[in-house]
Every structure is written in structure tokens, then in C-alpha cells.
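> sharing a model that was predicted from the sequence below.
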Amino acid sequence: MPAHEHESDTTTDPLAHERAHLAASRAALRAMREDAQALDIRDVTANWVNAAVLQAQITDRIKSLADLAHTPLFFGRLDYLHVVGAEQAEGAEGEQFYIGRRHVHDAGGDPMVIDWRAPVSQPFYRASRNDPLDVGQRRRFGYTGGELTAYEDEHLTDPTETARTSKLLQAEIERPRVGPMRDIVATIQPEQDEIVRSELGGSVCVQGGPGTGKTAVGLHRVAYLLYAHRERLARTGTLVIGPNRSFLHYIEQVLPALGELEVKQATVDDLVTAHIEVRGTDEARAAVVKGDARMAEVLRRAIRSHVTMPTEPVMVVRGSRRWRVPAYEIEEMVQELLARDMRYGAAHEALPQRIAHAVLVRMEEAGEAPDDRVQNAVARNPAVKAAVKAVWPAVEPSKLVLRLLSDPEFLAAQAQGLLTEEEQKTILWTKPARSVRAAKWSAADAVLIDEANDLVARTHSLGHVVIDEAQDLSPMQYRAVGRRCSTGSATVLGDLAQGTTPWSTQSWAQALHHLGKSDAVVEELTAGFRVPRDVIAYASRLLPVISPGLAAVESVRESPGSLSVREVAGTDALDAAVVAACEESLKQEGSTGLIAADARIPALADALTAAGHAYLSPGQETTAESRLTLVPASLAKGLEYDYVVLDEPAAVVDGEPDERTGLRRLYVALTRAVSGLIVLHASPLPDELGQEGSL
């Protein structure tokens, strides 16, 4: 499978032929964009609302047709043994297809580049010598910037050709990281492709260690689902949930590069803070209890505690007639609504109609002929409204949670048999707030209010939700996310070994239960493509302690000399050694991340500044001129750098409330490098890592 790289311009030269097709494809894409820009909506609609909607769609279409100069339009070619039908290949029939990030067609409508998500493209990722899938030849292309510079052929049905690792594929995987996360559309592996193309109706949970590509797989699954079910998901919506803003900024360019502009991104906090402002924090013990799934039942009881059985009949006066509905009959209505387990607000709206219907039955028995307008009028009768207010009063969720956290007796009544007295004391406020607005709500409180809101009125459900770094969610946070895909599906991405919150997930079965997706398929990715073998093997020494039984990542990337663990003589010399290690890493191509315990960040920032080194914060985009990022260990999760300098592992461990969580945080920090890792320490390394002599 030799790679070909030369500069001949003859028409018989394959590279020149492919470059010509690339140039023609770019010209066709420009023509597609110009056609979209030339559309005149006045020709198709006179309604201003429809015109506004159509104009927005055209604007998005124009954006999606942008030709990104440094992003190749196609990265592969498939030569089939037999003719493929048009239904498989976006309207094309033939034996040869160029596979790219998006569909491109010529002036006659014939495809020049086939979308990687089309059925005809699937063998590009899955065809093998054992199962060629009717593909005779697979060609991969190499690029420098946006220029096609090489190609590599694999003859899947030629018994004389021996199987080799693709050099172009390996080069693309190992390409240095500068800027935000890139798509992996040219390098998707067969096991990843199987997850990407799994159907919309089913939920998928992907357990994947560092460098296995689980985040990219989840994002590409969204892109695939939008391709395969665009009309449905356009109606219901899609959402990507990440752990923090830095992470979302890091991944935000992946989907637009694939032509998908409509996918929203948010953190869990973004979802649940629509009703209150988060200004406070919880101690770890309180946050764990508030995040426990038992709180859902506490809230359910608290809301239902507002319902009281009637003791007086309802007397409705209409004209000269009086209609009486006895208390026992209203009680039957209330009991029936409770038994149906309706949303509290829906039942509050239904009860006056039930009472009004009982009045109408009496009217009909008396010979009258009331209609629906009469029933609605009776439901608004002051006597009926007063009865409903007494029996099934409206509940404001934030006020309910405020009372739970402020009133020991109310909490004790609702938490009886669910929370211990000690747990109740843990979540009660020492200084109760006087009002919802004055309260210093925490992030965990916002999740409780979100749960209460859903108990009162149903939360809108989306068609598909992706949750990344899901191992760090609490059961109540899983419930908050699950509400938002209750009628849709989910892609859950995470690594149990990287759980660094006190409430982190212990098993995917538990997490999926809280999410409401117990039937989700759990897939495990164990092949690593980004983190060097020496680095992942060193970090995996922690696995028996932080996540017993979890399989270690087997990296396919060999990078001799990628790991260096260095002891510094005394803490006073550590800062200077760290700066020197950063300077050493910056001599290499690509990005450098300096990761340290949060408490060490100010000192290291001063040391870098004193040495004349500018640095970025997590989430800021690296450039050719600014390639060093100073990263608190608490924000390192999900990020990648070509080279990482890790400051004082013991301080990273000590910065967490317990040793196990600290070792998990260290595991995260150790696995952020994709080319080289330098570990510097003045204090002894954790016992689990061993000493330098055992490397």
C-alpha cells in the first residue's frame, strides 16, 4: 500500500487527475453557494412570516456551503467492483465515488463528492480484506493545508498485496493539535463507525478511555443522525451537553465543519438555571445528598402535600338556580387525579373542569341543554375557583424548594424513610433565605428546582441529546438531562476512571437508569489512537485503585521517548524547572499544556510571566504564535495538547477531598498529551505510579 507523492502535471498522472477533480469540486461548491445566494424569496412567498423562515433557512444553507480553505472537500475514493445504484449514493450511479465531508454536485446535479454519511460511503470505514464489501480499491488522500499532496491505494481483493498500516491514516491521526478540536471524519475506525451509524431510536452509552475518540464519535453520531433523519430532528431538536464552557468552546467547530449548524450546546447548569440565579456553593456532603435520586421522591411528596381533601360542598349559582356538588364527590375526583399521577399543574387545570362537568350532569338531569361554553363558564365560577384553590392550590417550584431547605419540620415530613436525620441536617440552610430572590442558590439547588418544575409542568423533550463526560453527573443531573430526551434518544459518553466529582457515576447501569434509558446499549472503546503507548501505560497504573475491573486502553500509537518523569531537588526549584520544561516542549510543533493543581496556578502564572512567556487560559484558541496554555487540573478533562508538562502530581491528588478522587484527577491530567508528557515533582509520587526506576 505505497503512498505516492510527486508533482507531475501530465493528464496521465493520478495525482494530477485527483487535483483536477478537487479543483472542479471546489468550483462546483462555489456554484452551489452562489445559487443559494441568488435565491429571491419574493418569487415563492408573499407571507412575511414564511418569508422570514425561508430567509433564515437560506442563510443557514449559504453558511453550510462555505468552502473551508484548509479542510479538504474529499479525503478518500472508493472503486467498487460492480455498479452501485442511485438510492445508495445520493442520486449517483457508478463504480467510483469520492468520499468527503459534505455532498457536492455539478451543474447537472450529478454528485462529485459523496457525503461520508451516505450508505455508499460506509465501506470506506468498514471494508477489509476479509470482507471487502464489493470494494476493489480504497484510496486515501494526503493534504498539506488545503492542497492535495499524496494518495495511497489499498487493493482489498488482490491476494498478492500484503496488508499494511496506512501511513496517511497514521499521519492524520497524529497531526499536531493547534486550535479547537477537529473532526475525525477521515480517520473513523470500524468500531467507531458502528456506533456513529447506530439508529436514532436507540440510545447508546460509550465507555472509552483517554484517546479512544469517544467525544468525536458522539459528535459524528449527531452529524450522521441529522443526515439520516433531518426532517424529524429539525422538528424535535438536538443538543450537545458538555462539562463546562471551556470544553464546549474546544469542540464547537466540529459539527459546523461537517455542515451542521443547528445543534445547540450547553452545560447541565445552563439547562437548569432558567428560573434562578446560582450564587452559592455547597459543601461536598450537601451536594452529594442533593444530587441523590432519593431527592426526586422527597420533592414529589412535597408537591403532593399541598393537596387536601375537601370538607365542604361546592355551591354554584347560575341565574335563579343553585347546583350543589357534595364534598365526597369532589374527593373522588381528587383521588382519581392523584391515582393517575398526572403533572401537578395539569391536574390543577383539570379539577375545575371535573367539577364543572358534575354541575352540567345535574343541569341535564333537570332538563337543561348546556354546551361546552357553559362548562367553561362554570369552571371559572368563583365558588369552583375557591374550592380548587383550597383543595389543589398552585405550587411555585422555587418557593417549594426554598421551604424544603429552610423548614426542618417540612423537610422531615417529606423525607421520612428516605433521608436520615443527619442527611436532612446536611442540606438544611443554616441561615434560611427570606425569599427566592434573596436566596444564594447552588448548582445542586437549581437541579432540585428543575425537578420540581417538571413535577408541575412537563419539560420539553428533544429528539436527540449527547452527554459528554457523563461520569461526573449526579443522579439528579441525569434525571434533568433525561427529561430533555424523554421522547427521544441519547448518546452517553464517558470514562468511569475519570469521574472526579464526589457524586461521580460508579456504573453505567445506574447512570442509564437515572437517565431513563435503561435499555441503552453500552459500547466500550479500548483502542487508543491519540495518547502515546508509554503515556497511557504509565497512567493506567492508577486503574486498579480508581476503577477496578476497567480495561486499560491499548494504544496503537508508538512514540518512543514520549514520557519523561523528573524529580526536582526541593520545592524552591520546581517553578524554574516547570518553566524550562515548557520551553523544551515549545520547541516542538503543536500545542503545549501546563497542567497543575488549582492551588499552584497563581505561582506558575507568575513564574511564566517573569520568564517572558505569554500563556492562554483553557478555552482560548491556540495559534501558531501562542501555543502555551496554563490549565488548572479541575478544567483539564476533555482537552488535548500535543505536549503536556504536569506539575507536582502529589499536589493534584491533595487538591481533592479524598485520595481516590485525587488519583482520578491525576489520571485525567496524565492523559491529556498526544505526543509527549513531562512529569515534574519535588514531593514523592503517589505509590501507585511507582518511581522513575520502574518506568
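That came through, no problem.

> use CA for all of it now, contacts and neighbours both
Fine.

> for this protein, give me the ranges with low pLDDT.
For the chain, residues meeting the criterion pLDDT under 70 lie at 1-12, 40-50, 53, 67-70, 163, 176-179, 691-695.

> same thing but at 50, please
Along the chain, the parts satisfying pLDDT under 50 run over 2, 6-10, 692-695.

> residue with max distance from the center of it?
Most distant from the centre of the chain: Ser320, at 63.2 Å, with distances by Cα atoms, centre = their mean.

> quick check: it vs Thr459, distance?
Distance, Ser320 to Thr459, using Cα to Cα, to the nearest Å: 44 Å.

> ok, which stretches of the stretch 1-150 of the chain are strands?
Here the stretch 1-150 of the chain has its strands, by DSSP state E, counting those that start in this stretch, at 3-4, 74-84, 94-100, 104-105, 111-115, 135-144, 147-155.

> tell me which of those strands approaches Glu656 most closely.
strand 135-144 (43.7 Å; Cα to Cα).

> sorry, back to before: in TSV, list the strands of the stretch 1-150 of the chain along with distance to Arg541.
Shown next, in TSV, are the strands of the stretch 1-150 of the chain (distance: least, Cα to Cα, whole Å):
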stretch	distance to Arg541
strand 3-4	38
strand 74-84	38
strand 94-100	40
strand 104-105	48
strand 111-115	42
strand 135-144	37
strand 147-155	38
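
> wait, which of the ones you listed is closest to Ser398?
Ranking the strands of the stretch 1-150 of the chain by proximity to Ser398 (Cα to Cα) places strand 111-115 first, at 47.5 Å.

> tilt between that closest one and strand 74-84?
Relative orientation of strand 111-115 with respect to strand 74-84: 110 degrees, computed using axes from the mean of the first three to the mean of the last three Cα atoms, to 10 degrees.

> how many neighbours does the closest residue to Ala611 other than its chain neighbours have?
Closest residue to Ala611 apart from its sequence neighbours, by Cα to Cα, 6 or more residues apart in numbering: Val579 at 7.6 Å. Close neighbours of Val579, defined as other Cα atoms under 10 Å, add up to 21.

> ok, now Arg279?
If we define neighbours as other Cα under 10 Å, then Arg279 has 10 of them.

> residues touching it, list them.
Contacts for Arg279 were tallied using Cα atoms under 8 Å, 6 or more residues apart in numbering; they are 440-442.

> reformat those residues into TSV and put secondary structure and distance to Glu174 next to each item.
Shown next, in TSV, are the contacts of Arg279 (DSSP: H, G, I helix; E, B strand; the rest coil; distance: Cα to Cα, whole Å):
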residue	secondary structure	distance to Glu174
Lys440	coil	47
Trp441	strand	45
Ser442	coil	42
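
> which one of the residues you listed is nearest Gly100?
Gly100 has its nearest neighbour among the contacts of Arg279 in Ser442, at 45.8 Å by Cα to Cα.

> right, and the closest one touches Ala284 too?
No - between Ser442 and Ala284 there is no contact under Cα atoms under 8 Å: 11.7 Å.

> any idea what Leu563 is bridged to?
Under the criterion DSSP bridges, Leu563 forms beta bridges with Leu677.

> separation between it and Val679?
Look at Leu563 and Val679: by Cα to Cα, they are 8 Å apart.

> before we move on, back to that, look up phi and psi at the residue farthest from the centre of the chain.
With angles defined as degrees, to the nearest 10, Ser320 sits at phi -90, psi 0.

> give me the more crowded residue out of Ser442 and Ala284.
Neighbours were counted for Ser442 and for Ala284 using other Cα under 10 Å; Ser442 has more, 18 against 14.

> what about the strands in the stretch 251-400 of the chain?
With strands called from DSSP E, counting those that start in this stretch, the stretch 251-400 of the chain shows them at 264-267, 314-318, 321-325.

> tabulate those in a markdown table, adding columns for distance to Glu336.
Below are the strands of the stretch 251-400 of the chain laid out as a markdown table (distance: least, Cα to Cα, whole Å):
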| stretch | distance to Glu336 |
| --- | --- |
| strand 264-267 | 39 |
| strand 314-318 | 18 |
| strand 321-325 | 16 |
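
> Leu168: which of these is closest?
Closest of the strands of the stretch 251-400 of the chain to Leu168 is strand 264-267, at 32.3 Å (criterion: Cα to Cα).

> how far off centre is that closest one?
Computed by Cα atoms, centre = their mean, to the nearest Å, the chain-centroid distance of strand 264-267 equals 8 Å.

> okay, now the sheet partners of that strand, with direction.
Paired strands of strand 264-267, with direction, are strand 238-242 (parallel) (DSSP bridges).

> surely Val644 is in a strand?
Yes - applying DSSP: H, G, I helix; E, B strand; the rest coil, one finds Val644 inside a strand.

> that one against Leu677, yeah?
Yes - here Val644 lies in contact with Leu677, judged by Cα under 8 Å, at a distance of 4.9 Å.

> list the contacts of the host helix or strand of Leu225.
Here Leu225 sits within helix 214-228, counting by DSSP states H and E. Under the criterion Cα under 8 Å, 6+ apart, residues 117, 183-185, 192-193, 195-200, 206-208, 233, 238, 254-255, 258, 260, 464, 466, 468, 491-494, 525 lie in contact with helix 214-228.

> ok, then the element right after it?
Next element after helix 214-228 (DSSP H and E): helix 230-236.

> now the top helix by length along the chain and strand 74-84, what's the angle there?
Secondary structure assigned by DSSP state H gives helix 14-37 as the longest helix of the chain. Helix 14-37 runs at 90 degrees relative to strand 74-84, counting by the same axes, to 10 degrees.

> buried ones in helix 14-37?
14-16, 18-19, 21-22, 25-26, 28-33, 36 (16 or more other Cα atoms under 10 Å).

> single out the most deeply packed of the strands of the stretch 1-150 of the chain.
Looking across these with neighbours counted as mean count of other Cα atoms under 10 Å, the highest average goes to strand 111-115: a mean of 25.

> just list what it packs against, helices and strands only.
strand 94-100, strand 104-105 (3 or more Cα pairs under 8 Å, 6 or more residues apart in numbering; DSSP states H and E).

> would you list the ones you listed in a markdown table and tack on distance to Tyr125?
Converted to a markdown table, these look like this (distance: least, Cα to Cα, whole Å):
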| stretch | distance to Tyr125 |
| --- | --- |
| strand 94-100 | 11 |
| strand 104-105 | 20 |
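
> right, and those - which one's nearest Ile595?
strand 94-100 (36.2 Å).

> paired strands for that closest one, with orientation please.
Using DSSP bridges, the strands paired with strand 94-100 are strand 74-84 (antiparallel), strand 111-115 (parallel).

> what's that strand in contact with?
Outside of strand 94-100, the residues within contact range by Cα under 8 Å, 6+ apart are 72-85, 112-116, 121, 124.

> ok, now with 6 Å
For strand 94-100, contacts defined as Cα atoms under 6 Å, 6 or more residues apart in numbering pick out 73-80, 83-84, 113-116.

> that strand vs strand 135-144, what angle?
30 degrees.

> just the C-alphas of strand 94-100, formatted as PDB.
This file holds the C-alpha atoms of strand 94-100, laid out as PDB (Å, rounded to 0.1, in the frame of the first residue of the first chain):
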ATOM      1  CA  GLY A  94     -21.500   4.100 -10.900                       C
ATOM      2  CA  GLU A  95     -18.400   2.300  -9.600                       C
ATOM      3  CA  GLN A  96     -16.200   5.200  -8.400                       C
ATOM      4  CA  PHE A  97     -17.100   7.600  -5.600                       C
ATOM      5  CA  TYR A  98     -15.200  10.400  -3.900                       C
ATOM      6  CA  ILE A  99     -15.900  10.500  -0.100                       C
ATOM      7  CA  GLY A 100     -15.900  13.800   1.700                       C
END
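
> shift numbering so it begins at 52
Yep, numbering from 52; the last one is strand 145-151 now.

> quick one: that strand to chain centroid distance?
Distance of strand 145-151 from its chain centroid, counting by Cα atoms, centre = their mean, is 32 Å.

> what does stretch 373-389 give?
Per Cα atoms, centre = their mean, the centroid offset for stretch 373-389 relative to its chain is 47 Å.

> so which bits of that stretch are buried?
Neighbour counts over stretch 373-389 (16+ other Cα under 10 Å) mark 376, 381-382, 384-385, 388 as buried.
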